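[1] Provided below are the primary sequence and the corresponding predicted coordinates.
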Amino acid sequence: MRIEEGVKLDFKDVLIRPKRSTLVSRKDVDISREFKFRWSGRTFRGVPVIAANMDGVGTMAMARAFLKDGNGLTVAVHKHYPLQELLDFYNRKTVLASWYSIGMTESDEKKFESFMKKKPGLIDKICLDVANGYSEAFVDFVKRVRERHPGLTIMAGNVVTGEMVEQLILAGVDVVKVGIGPGSVCTTRKMTGIGYPQLSAVIECADAAHGLGGLICADGGCTVPGDIAKAFGGGADFVMLGGMFAGHDQSEEKVVEKDGKKYVVFYGMSSDTAMKRHKGGVAEYRASEGKTVKIHYRGDVADTLQDILGGLRSACTYVGAKKLKELSKRTTFIRVSQQLNTVFGGE
Ligand code: 5GP
């Protein structure tokens, strides 16, 4: 047994210090990024915020809304759509706003390969998601997909430490997904004791990835636009959001009314609800269980998008970052919590 004494931080443990700035208005800030992916060689341009591959979030309706919005946000389309629906959905336009998601199951891989045969060359980016990004089987899976599809941009995870980020990048991953335990409907920390404070995970993993010409996506734990700014400030290239995009018209979920208020059910992808819904499925998503919550119905996602993008622009203005790319360089975090290493996260 070993105890690591170093301070590890979550989003709530810090604030970003304002800095002298020559920017006049938040309108002057460019919050899109341009990346060239290490392995696929493809380029990305847009706001690097991704809707998580979860029911109620990573939907086709969400991808269409992001396309309409025009800022270049993307959706990791959840893996539970039937093949035919995926074939109908993907075209030259929708592909721009979508990551095709798969887990490490035979049926996911089969469905994906059938899709690739039926629509060769259409998809440009995929998201590989497993319960445990630390397993050797996952590294082999990544290598296999990379070998078969050299031109695809691969995002894969989740992990929280630099050495595993490096191993995944060397195995063929373009964007490593970072986060174990911080999700809003995740109970991993409670059920297993496993986790890592998310801001520190982002800072450490970004450093490891950038050293190898790779990228990271901070996944989970953002509850307000300020958290997204902190993730980018900590070095994240992409930020993935679940709960913040849930409960909208685009969630493809039923809106229920109780006592004059409207609600939508939102649940983790390894929760009982998800298991029941996708029956036959096992809890192979993320390390351990998820929970089911009722959240307020929030209407069209367009308003939420405005809040998120506005918050991000404003954060850049406060530190004098004319482009999102500069935010991390101009970020000084102030520690505001007294307790060390208190893990809050999802619950
Ligand atoms: P949020 O933005 O809601 O805080 O976090 C979203 C992330 O939570 C997802 O992208 C995914 O990584 C994670 N997640 C989603 N469902 C589950 C689940 O059932 N269990 C766990 N452990 N994590 C989940």
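    That came through fine.

[2] and the stretch 1-150 of the chain, which residues reach the ligand?
    By Cβ under 6 Å from any ligand atom, the residues of the stretch 1-150 of the chain that approach the ligand are Ala52, Met54. No exception for glycine: its C-beta is placed from N, CA and C like everyone else's.

[3] Residue of the stretch 1-150 of the chain closest to the ligand, please.
    Going by Cβ to the nearest ligand atom, the ligand is nearest to Ala52 of the stretch 1-150 of the chain, at 3.4 Å.

[4] I'd like the distance from that residue to Leu67, if you could.
    The gap separating Ala52 from Leu67 is 18 Å, by Cβ to Cβ, to the nearest Å.

[5] Tell me which of these two has more neighbours.
    For Ala52 versus Leu67, the count of surrounding residues by other Cβ atoms under 10 Å is larger for Ala52: 28 against 18.

[6] residues in contact with that one?
    Counting by Cβ atoms under 8 Å, 6 or more residues apart in numbering, Ala52 touches Gly58, Ala76, Asp219, Gly220, Met240, Leu241, Gly242, Phe245.

[7] who in the stretch 151-300 of the chain is up against the ligand?
    Near the ligand, when you scan the stretch 151-300 of the chain using Cβ under 6 Å from any ligand atom, you find 158, 179, 183-186, 188, 219-222, 240-244, 268-271, 285-288, 290.

[8] Could you tell me which of these belong to strands?
    If you go by DSSP state E, these have Asn158, Asp219, Met240, Leu241 in strands.

[9] Could you identify which of those has the most neighbours?
    Most surrounded of these: other Cβ under 10 Å gives Met240, at 35 neighbours.

[10] How about it, nearest residue that isn't a chain neighbour?
    Asp219 (4.1 Å; Cβ to Cβ, 6 or more residues apart in numbering).

[11] That neighbour is in contact with Val178, isn't it?
    Yes - contact status for Asp219 versus Val178: in contact at 6.2 Å, counting by Cβ atoms under 8 Å.

[12] where do the contact lists of those two overlap?
    Jointly contacting Asp219 and Val178 under the rule Cβ under 8 Å, 6+ apart are Gly157, Asn158.

[13] Enumerate every residue touching Leu87.
    The neighbours of Leu87, taking Cβ under 8 Å, 6+ apart as the test, are Phe115, Lys118, Lys119.

[14] quick one: what helix or strand has the closest residue in space to the second one that isn't next to it in sequence in it?
    Once flanking residues are discounted, Lys118 sits nearest to Leu87: 6.0 Å by Cβ to Cβ, 6+ apart. Following DSSP states H and E, the helix or strand that holds Leu87 is helix 83-89.

[15] Put the alpha carbons of that helix into PDB.
    Taking Å, rounded to 0.1, in the frame of the first residue of the first chain, the C-alpha atoms of helix 83-89 are listed here in PDB:
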ATOM      1  CA  LEU A  83     -27.800  -0.200 -37.700                       C
ATOM      2  CA  GLN A  84     -30.500   0.900 -40.100                       C
ATOM      3  CA  GLU A  85     -31.100   4.100 -38.100                       C
ATOM      4  CA  LEU A  86     -27.400   4.900 -38.100                       C
ATOM      5  CA  LEU A  87     -27.300   4.300 -41.900                       C
ATOM      6  CA  ASP A  88     -30.200   6.600 -42.400                       C
ATOM      7  CA  PHE A  89     -28.800   9.300 -40.100                       C
END
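
[16] List the buried residues of it.
    By neighbour count on 16 or more other Cβ atoms under 10 Å, the buried set for helix 83-89 is Leu86.

[17] what lines up beside the helix or strand that that helix is followed by in the sheet?
    Sequence order places strand 98-102 as the next helix or strand after helix 83-89, per DSSP H and E. Sheet neighbours of strand 98-102, with direction, are listed as strand 74-77 (parallel), strand 125-129 (parallel) (DSSP bridges).

[18] outside of strand 98-102, which residues touch it?
    Contact partners of strand 98-102, identified using Cβ under 8 Å, 6+ apart, comprise 50, 53, 58, 63, 74-79, 86, 90, 108-109, 111-112, 115, 123, 125-129, 155.

[19] Show me where the chain has its helices.
    Ranges of helices in the chain, per DSSP state H, are 60-69, 83-89, 106-118, 136-148, 162-171, 188-192, 198-211, 225-233, 272-277, 301-319, 324-327.
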